[in-house]
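> based on what follows, work out the 3D shape:
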Amino acid sequence: MRVPHYSVGSAAALTLSRLEHLQRRESPLSVDDLIKIARFNAGEAHALFASDPVTARDFLLNGASRMIRAAEQLEQGAPAAPRPAAIAPAVPRFDVIDYDDLGNLDVAL
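Take a look at the predicted model:
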């Protein structure tokens, strides 16, 4: 099995690219949603890293961009508490794992 090699610079660049895409979204996700998506991505990466390191890397980069965005929102004074269940589901549904138009791994809620 061939293990792909990446530099830290390429991972950081991809994470920042995904972060920029998140910041341009019309309806930003809440801090709670971003953390839940990042947690999901970390779990998927952990399950896949031995068998599929390329996909695991995608999940890690996707989760990293969500965590950075959550931290930025907290810095900007966004509420840390989850939104009420009447407005948004308590646990997001991860029905679709897909790639967006920029080729980034995209987890739809």
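> so how far is residue 14 from residue 31?
From residue 31 across to residue 14, the span is 22 Å (C-beta to C-beta, to the nearest Å). Bear in mind the C-beta positions are built from the backbone N, C-alpha and C, glycine included.
> what's the neighbour count on residue 28?
By other C-beta atoms under 10 Å, 14 other residues sit near residue 28.
> repeat that for residue 19.
17.
> contacts only, for it.
With contacts defined as C-beta atoms under 8 Å, 6 or more residues apart in numbering, the neighbours of residue 19 are 65, 68, 69.
> top of these by neighbour count?
residue 65 (26 neighbours).
> quick one, phi psi at the spatially closest residue to that one that is not a sequence neighbour?
The spatial neighbour of residue 65 that comes closest, neighbours along the chain excluded (C-beta to C-beta, 6 or more residues apart in numbering), is residue 18 at 3.7 Å. Note on residue 18: its backbone torsions stand at phi -70, psi -40 [degrees, to the nearest 10].
> residue 18 reaches residue 61, doesn't it?
Yes - contact criterion C-beta atoms under 8 Å: residue 18 and residue 61 qualify, at 6.4 Å.
> against which helices or strands is the host helix or strand of residue 54 packed?
Here residue 54, judged by DSSP states H and E, is contained in helix 53-75. With contacts taken as 3 or more C-beta pairs under 8 Å, 6 or more residues apart in numbering; DSSP states H and E, helix 53-75 sits against helix 8-24, helix 31-48, strand 105-108.
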